[in-house]
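# this one's sequence-less:
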């Protein structure tokens with residue numbers, strides 16, 4: 001719901017999806033405190049690290065990604081292949 005809410009720019013699915021995700025993570029972390037499970041902690045740490053790395057990569061390549069639609073419209077660079085016919 002969170003992803004579709006963001007992609008379709010709808011407020012209700014974004015809010016419910018975000019609240020559901022936060023509630024799930026809180027319960028997961030709470031259960032981790034009560035019943036220690038190393039695998040669950042590793043999965044949470046790896047997932048958080050991947051999310052952080054994706055955010056860093058997107059922030060580094062932000063200018064290139066913002067220029068991409070104009071390059072596609074102008075058929076520049078790699079996108080010249082789209083107008084070969």
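Looks like it came in fine. Since this is a predicted model, take the numbers as computed values, not measurements. Numbering: from 1, shown residues only.

# what helices or strands is the helix-or-strand element of the chain with minimal mean pLDDT leaning on?
Counting by mean pLDDT, DSSP states H and E, the chain has its least confident helix or strand at helix 2-8, which shows a mean of 73. Counting contacts by 3 or more Cβ pairs under 8 Å, 6 or more residues apart in numbering; DSSP states H and E, helix 2-8 packs against helix 11-34. Where you see a C-beta, it was placed from the backbone N, CA and C, and this is true even at glycine.

# buried sites along the helix it packs on?
13, 14, 17 (16 or more other Cβ atoms under 10 Å).

# what packs against it?
Packing partners of helix 11-34 (3+ Cβ pairs under 8 Å, 6+ apart): helix 2-8, helix 38-60.

# what's it in contact with?
With contacts defined as Cβ atoms under 8 Å, 6 or more residues apart in numbering, helix 11-34 is touched by 1, 2, 3, 4, 5, 6, 37, 40, 41, 44.

# again, only this time at 10 Å
Outside helix 11-34, the residues within contact range by Cβ atoms under 10 Å, 6 or more residues apart in numbering are 1-8, 10, 37-38, 40-41, 43-44, 47-48.

# tell me the angle it makes with helix 38-60.
Angle of helix 11-34 versus helix 38-60, following axes from the mean of the first three to the mean of the last three Cα atoms, to 10 degrees, is 140 degrees.

# poorly predicted segments of the protein, please.
2, 84-85 (pLDDT under 70).

# mind redoing it with 90?
1-22, 24-49, 51-52, 55, 58-59, 61-85 (pLDDT under 90).

# if we can go back for a sec, how far is the least confident helix or strand of the chain from where the chain is centred?
11 Å (Cα atoms, centre = their mean, to the nearest Å).

# show residues contacting that helix.
For helix 2-8, the surrounding residues in contact (Cβ under 10 Å, 6+ apart) are 10-22.

# okay, the helices and strands packed on helix 11-34, which one's buried deepest?
helix 2-8 (a mean of 12; mean count of other Cβ atoms under 10 Å).

# what angle do the one helix or strand residue 72 maps to and helix 38-60 make?
Using DSSP states H and E, residue 72 sits within helix 62-73. Helix 62-73 and helix 38-60 meet at an angle of 60 degrees, taking the same axes, to 10 degrees as the criterion.

# no more questions from me, cheers.
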